[in-house]
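Undergrad: Quick one: sequence and predicted model below, then my questions.
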Amino acid sequence: MSFAERNAEALERLRSLVSRLSDADLARPVTPEWSVADMLGHVAFWDGRAAMLAQKLAAGVDWSAEDYEAEDVDSLNAAVAVLIKALPPRVVAEVAVAVAEDVDARVAALPAARMWPQEDSSPLNCERFRHRAEHLDEIEAALYGTPPA
């Protein structure tokens, strides 16, 4: 199965989950620091970063040092969490779906050979499904008591 097909499956999983979430679900804790909405905002942020990199690749702009992810992204996650928590949870959930749709379309239109994992030196990971699935598993475990896959 191609990365685009797997991204599409993860996007559908995200859409389905978001369509079922109540306001109480969005507020439910997933970790001591993050609620369901916060986790969805985190996914949206990283998908948004990938969309920016896809736009850069499509435009033929060379990668810069700033395009590469730091070894430790905890401070970046903490900084963006402040903004995510300031937004209405329902808006965050809807944005997560919209950003996932955008990035999936962008990476599907690009040659896989120019993106990670096929191109080791690329900061753009076209396999958005991996990050989404990790956090969707955590959200579903918090909501439904299912163990992460």
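TA: Arrived safely. These numbers were taken from a predicted model, which means no experiment stands behind them.
Undergrad: could you say which helix or strand contains the residue nearest the centre of the chain?
TA: Relative to the mean C-alpha position of the chain, the nearest C-alpha, by C-alpha atoms, centre = their mean, is the one of residue 43, at 3.0 Å. In this structure, residue 43 sits in helix 36-58 according to DSSP states H and E.
Undergrad: Please could you give me each C-alpha atom of that helix, formatted as CSV?
TA: Coordinates of the C-alpha atoms in helix 36-58 are reproduced here as CSV (Å, rounded to 0.1, in the frame of the first residue of the first chain):
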residue,chain,number,x,y,z
VAL,A,36,-8.1,15.1,23.4
ALA,A,37,-8.4,18.6,21.8
ASP,A,38,-4.8,19.4,22.7
MET,A,39,-3.6,16.1,21.1
LEU,A,40,-5.5,16.9,18.0
GLY,A,41,-3.9,20.4,17.9
HIS,A,42,-0.5,18.8,18.2
VAL,A,43,-1.3,16.6,15.2
ALA,A,44,-2.5,19.6,13.3
PHE,A,45,0.7,21.5,14.1
TRP,A,46,3.0,18.8,12.8
ASP,A,47,0.8,18.2,9.8
GLY,A,48,0.9,21.9,9.2
ARG,A,49,4.7,21.9,9.4
ALA,A,50,4.8,19.1,6.8
ALA,A,51,2.4,21.1,4.6
MET,A,52,4.8,24.0,4.7
LEU,A,53,7.7,21.7,3.7
ALA,A,54,5.7,20.2,0.9
GLN,A,55,4.9,23.7,-0.4
LYS,A,56,8.6,24.5,-0.3
LEU,A,57,9.5,21.2,-2.1
ALA,A,58,6.8,21.8,-4.8
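Undergrad: Quick check: phi and psi on residue 60?
TA: When quoted as degrees, to the nearest 10, the phi and psi of residue 60 stand at phi 80, psi 20.
Undergrad: what's the burial count for it?
TA: Using other C-beta atoms under 10 Å, residue 60 has 6 other residues around it. C-beta: built from backbone N, CA, C; applies to glycine.
Undergrad: thinking residue 47 is in contact with residue 99, fair?
TA: Yes - the pair residue 47 / residue 99 is scored as a contact, 4.6 Å apart, by C-beta atoms under 8 Å.
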